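Sequence first, then the predicted structure:
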Amino acid sequence: MTAVTLICSFVVRTGVEGQLRALLQDMLAPTRSEPGCKVYDFYDSDCGGRLFLYETSETHAALEEHMSTPHFKRLEKTGGRQVKEPFEINFINQVLTGAVEL
């Protein structure tokens with residue numbers, strides 16, 4: 001089975017930066033304790049109110065399970081009111097360079 005990695009970006013609505021930041025920080029502990037979670041990190045940026053989650057789940061099923069948890073549902077419901085535009089989710093794959101050919 002292949003791990004699933006994604007980056008989710010949020011453009012924060014002016015005046016609620018602290019609320020969204022706290023909501024995303026509150027996601028860290030419960031998500032990291034989920035059985036299928038390999039990585040779950042929260043990043044701030046210097047790009048004018050952009051926040052990011054970087055996540056790797058062991059499988060697509062583990063990601064789907066994460067998306068059904070109460071803490072994710074709270075993010076979906078509450079976080080939607082704190083952003084200027086919809087969450088942007090990008091599934092990513094690592095690009096290996098310099099690999100040795102056999």
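Thanks, I have it. Quick caveat, the model's predicted, so the values are computed rather than measured.

residues touching G79, list them.
G79 makes contacts with F10, L20, L23, L24, F87, as judged by C-beta atoms under 8 Å, 6 or more residues apart in numbering. For glycine as for every other residue, the C-beta is placed from the backbone atoms N, C-alpha and C.

at 6 Å what do you get?
Taking C-beta atoms under 6 Å, 6 or more residues apart in numbering, we find G79 in contact with L23.

mind checking how far it is from G98?
From G79 over to G98 the distance is 39 Å, taken as C-beta to C-beta, to the nearest Å.

Ok, S33 next?
Distance from S33 to G98, by C-beta to C-beta: 36 Å.

And the two? Which one has more around it.
Remark: of S33 and G98, S33 carries more neighbours, 9 against 4, as counted by other C-beta atoms under 10 Å.

How about the contacts made by the more buried one?
S33 neighbours (C-beta under 6 Å, 6+ apart): none.

What number of residues are in the vicinity of A3?
16.
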